[in-house]
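Enquirer: Attaching a predicted model along with its sequence, questions to come.
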Amino acid sequence: MKIMNRRIIREFRTNWLRYTALLLLIVFGFAFVVGASASNECIVRTIEDHFKTSKLEDGSFSTLSPLGKADMAEIRKDGVTIEKMAYSDVKVSRHRQLRVFRVRKHIDRLTLDAGSLPATSDELVLEQHYAKQNGYQVGDKLTLAGKSYTISGIGSVPDYTYVKKNVSDIGADHQKFSVAFLNDAAFDYFSHHLDEDCSPPVYCYGFRLNGAKTQRDFKDRLNALGVTLTAYTQRSDNSRINAYREDCGVMSKASLVCGALFTILLAYVLATFTAHTIDKEKKVIGTFYASGFSVGELRRHYIILPLVITAIGSVLSILIGYAVFFDLLSADSIALYSMPGIKVGYPLYVMLYALLIPLTITFVVNFIVITRRLKASPNVLLSAGPNEKGHDYPLNVEKLGDINTFRIRHFLKERSMNLIMFFGILLAVSFLVIGFTLNDSFQHYIDHVADQMPYNNTYLVTALPDDLPKDTQRMVSKTLKYSAGETPALSVVVSGVDRDNHPYYDFFPKTAKDELVLSPGAADKFHLQRGDKITLTDSLSGKRYPFKIIDIAGDKSALTAYMDRTAMVKRFNLDADAYNTILSKQKLAIPENRLLNTITKDDVIGAAQAQLDNTATIIGIINFVAMLIFVIVVYLVLKMMIDRSSMDISLLKIFGYNKHEIRQIYFGSAAATVIVSLILSLWIGTFVVKRIFPFLVSGVDVHIPEYLALSTQIEILLFMLVIFGVIQLCLRRRVNRIPMADIIRDRD
């Protein structure tokens with residue numbers, strides 16, 4: 001056994017480059033899976049722990065006027081915890097706003113990252129991302145409504161985990177909007193001294209049902225008390241609270257799918273490598289047989305080195321996954337969601353996945369391949385050359401020429417290796433297509449969304465201003481929810497359009513009260529078409545509204561629907577003269593007491609750009625892993641093909657073929673395989689991404705169609721070909737160093 005053990009060390013020294021490449025393939029392939037799965041699992045656990053410790057609300061509602069003490073007492077009698085969360089939006093500068101609350105005591109409590117809660121009436125706590133984006137630190141000064149405050153602390157609250165101004169907003173812009181908190185005395189003073197930079201106060205309340213009531217029962221109770229609700233949002237419908245689940249869930253599933261594909265590739269690579277090693281050493285194995293070694297001893301001998309390499313790779317994949325990929329892959333979520341520092345954990349399924357899957361695959365594949373190869377008798381093994389499995393293919397040499405004939409014969413002989421190369425390239429290109437499609441799709445949306453909006457400003461109002469310019473469009477709008485299958489509930493804005501006032505739409509939605517016109521954006525995102533049924537839910541009342549889609553028209557990106565305003569008023573029991581939305585090309589001077597919100601083209605573009613920026617890191621990592629897989633697989637396969645053909649190359653040199661002709665034969669067939677594989681992989685990759693892209697952006701409240709620019713596809717092909725050229729240059733020396741004497745030494 002000492003002789004065999006020494007051969008293991010010798011085998012590694014002889015083929016150290018091949019085993020190192022295999023090690024890197026295992027390390028970085030599984031490190032990506034470990035980093036992605038672990039980081040998302042830890043983010044979810046951190047946020048959910050934050051929810052528990054901060055007493056996350058079960059929901060919130062807003063009222064037209066503040067609740068009286070008697071109403072609050074009646075609600076508490078039912079076992080429900082309720083807390084005032086009134087706020088006002090304050091302009092800090094031309095493009096920045098802060099939503100100012102009082103410090104909560106029982107629900108949605110603050111978690112501080114630095115400093116302390118405001119102890120005096122001239123102190124406040126600032127949300128962490130706004131502070132970072134705008135360069136604020138504990139001790140700095142901030143002026144709100146004409147009064148200067150000292151920042152006593154920086155932290156986060158669970159109901160603004162995703163810090164969006166409105167629940168229906170596309171995304172967050174931490175530099176322009178966030179939340180701040182004053183103590184009771186300071187907030188009372190602030191709410192009584194609002195100036196022109198402050199919005200009217202919103203009387204909001206958070207509640208925890210504590211198992212005493214259902215959401216429907218609680219809403220019925222509020223109605224019974226005569227409470228006039230202006231908004232009611234359950235926790236499950238609040239994207240400020242739940243957005244992280246969809247993002248982290250998609251990332252975890254995607255990483256495990258990538259891991260499964262990588263495992264299949266690894267199994268195939270290992271099978272071919274092992275078969276190559278056994279075929280190369282058949283005479284040595286025959287000698288061991290003749291010396292009295294058993295099949296079990298030989299099997300253990302040839303399985304030890306792959307298992308050791310795999311075990312080292314598995315351990316390193318966990319270490320690198322946590323040391324490198326964990327931080328990189330969690331950076332986007334940390335920058336996007338407001339939460340305490342991530343609590344690093346070690347999920348058992350991630351550890352088992354990284355340790356057991358590679359080792360199991362390596363053991364099973366090697367066991368099967370080695371057992372099959374060792375079935376031959378010692379005499380057969382001793383008499384076999386390394387390339388005894390030749391095949392006679394009926395090729396017309398006169399027509400094809402020697403070089404082309406050799407190329408085709410080499411391709412057919414190495415068809416299993418070419419298949420490995422194809423699958424490796426397919427996996428790498430698929431990763432690249434996913435990364436670049438995400439980038440190009442968001443960028444294409446950003447570049448074209450402004451052209452799809454014929455108006456520049458959308459104003460949400462409580463009542464129409466007295467005088468409106470002629471080119472404005474007034475509507476009544478209502479936000480409802482739509483959910484299909486396991487996808488998250490998304491907001492759909494239903495707009496009632498007047499027959500004589502629709503300057504920004506080239507159609508009029510001539511609908512009955514149970515019909516609507518659906519926008520192309522919503523139709524594509526929800527996979528609906530004309531004639532289909534759609535059911536929308538009012539989150540305020542819980543009532544469900546079925547509609548028939550009579551046409552597809554309107555906004556190509558937004559999730560909207562259109563009705564005849566008269567029909568809409570009847571369907572939703574609205575006032576006959578109800579209007580709450582204004583579309584305009586020009587900026588309107590709407591009194592603050594009538595203005596609820598303003599959405600501009602820049603806001604829409606900025607939200608999409610923020611989402612693209614937040615995915616930049618993950619896109620870069622996906623592209624890096626893809627390139628690494630391509631380099632390692634192509635290098636390993638080409639090197640093995642050269643090693644397997646060393647006798648043939650030696651013989652060609654004896655027959656007088658020069659270096660250029662030999663490279664034409666062996667690198668030429670490989671180049672053809674790579675080019676065809678790249679083209680096929682790009683086609684297959686784009687086909688697959690078209691199917692999974694809606695799943696990747698299912699939680700986004702707009703329709704972002706998948707898009708991969710032709711120039712990007714050409715860049716992928718050219719870049720991969722350049723890398724292949726570099727790999728060829730590295731392996732030329734290997735071909736040139738094969739001596740003519742190899743074929744003579746190998747003869748029987």
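Expert: Yep, that arrived. Residues are numbered from 1 along each chain as shown.

Enquirer: any idea which element L126 lies in?
Expert: According to DSSP states H and E, L126 maps onto strand 123-127.

Enquirer: For that strand, enumerate its sheet partners and note whether each is parallel or antiparallel.
Expert: strand 147-156 (parallel), strand 177-182 (antiparallel) (DSSP bridges).

Enquirer: Specify the next element, helix or strand, located C-terminal of the shortest one.
Expert: Right, the one you point to is strand 177-182. Taking DSSP H and E, what comes next after strand 177-182 is helix 184-191.

Enquirer: centre of the chain versus stretch 542-559, how much separation?
Expert: Relative to its chain's centre, stretch 542-559 lies at 27 Å (CA atoms, centre = their mean, to the nearest Å).

Enquirer: What residues sit buried inside that stretch?
Expert: Within stretch 542-559, the residues that qualify as buried by neighbour count (16 or more other CB atoms under 10 Å) are 545, 547, 549-559. Placement of C-beta: from N, CA and C, glycine included.

Enquirer: What about those residues, which are in helices?
Expert: Judged by DSSP state H, helices contain none of these.

Enquirer: which residue ranges form the helices in the stretch 301-450 of the chain?
Expert: Assigned by DSSP state H, counting those that start in this stretch, the helices in the stretch 301-450 of the chain fall at 326-336, 348-373, 378-383, 397-400, 402-413, 415-449.

Enquirer: so where is the stretch 351-500 of the chain shaky, pLDDT-wise?
Expert: Residues of the stretch 351-500 of the chain meeting the criterion pLDDT under 70: 376-402, 485-488.

Enquirer: mind checking the SS state of Y504?
Expert: Put simply, Y504 is coil when judged by DSSP: H, G, I helix; E, B strand; the rest coil.

Enquirer: mind checking how far it is from D555?
Expert: Relative to D555, Y504 is positioned 10 Å away (CB to CB, to the nearest Å).

Enquirer: looking at this, V494 is in a strand?
Expert: Yes. Counting by three-state DSSP, one finds V494 located in a strand.

Enquirer: what's the burial count for T277?
Expert: Counted with other CB atoms under 10 Å, the neighbours of T277 add up to 21.

Enquirer: residue contacts, the closest residue to it other than its chain neighbours?
Expert: Of all residues beyond its chain neighbours, the one nearest T277 is Y302 (6.8 Å), with distances taken as CB to CB, 6 or more residues apart in numbering. The neighbours of Y302, taking CB atoms under 8 Å, 6 or more residues apart in numbering as the test, are T274, T277, I278, N366, I370.

Enquirer: Next one: Y302, what pLDDT does it get?
Expert: For Y302, the model assigns a pLDDT of 83.

Enquirer: quick one: it from N15, how far?
Expert: 13 Å.

Enquirer: likewise R216?
Expert: With CB to CB as the criterion, R216 and N15 are 69 Å apart.

Enquirer: Over to A38?
Expert: 33 Å.

Enquirer: between these two, who's got more neighbours?
Expert: Remark: of A38 and N15, A38 carries more neighbours, 28 against 19, as counted by other CB under 10 Å.

Enquirer: Quickly find the element holding the more buried one.
Expert: Under the assignment here (DSSP H and E), A38 is part of helix 16-53.

Enquirer: Which strands and helices lie in contact with that helix?
Expert: Applying 3 or more CB pairs under 8 Å, 6 or more residues apart in numbering; DSSP states H and E, one finds that helix 16-53 contacts helix 239-280, helix 295-320, helix 326-336, helix 348-373, helix 616-644.

Enquirer: which parts of it are buried?
Expert: 18-19, 21-44, 46-47, 50-51.

Enquirer: and what of stretch 476-492?
Expert: Within stretch 476-492, the residues scored as buried using 16+ other CB under 10 Å are V476, S477, K478, T479, L480, K481, Y482, P488, A489, L490, S491, V492.

Enquirer: What is the nearest of those residues to F695?
Expert: Checking the buried residues of stretch 476-492 against F695 by CB to CB gives P488 as the nearest, at 11.7 Å.

Enquirer: so what's D471 up against?
Expert: Counted by CB under 8 Å, 6+ apart, D471 has contacts P503, S584, K585, Q586.

Enquirer: JSON lines please, covering those and showing secondary structure.
Expert: Output for the contacts of D471, formatted as JSON lines (three-state DSSP):
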{"residue": "P503", "secondary structure": "coil"}
{"residue": "S584", "secondary structure": "strand"}
{"residue": "K585", "secondary structure": "coil"}
{"residue": "Q586", "secondary structure": "coil"}
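
Enquirer: Okay then, goodbye and thanks.
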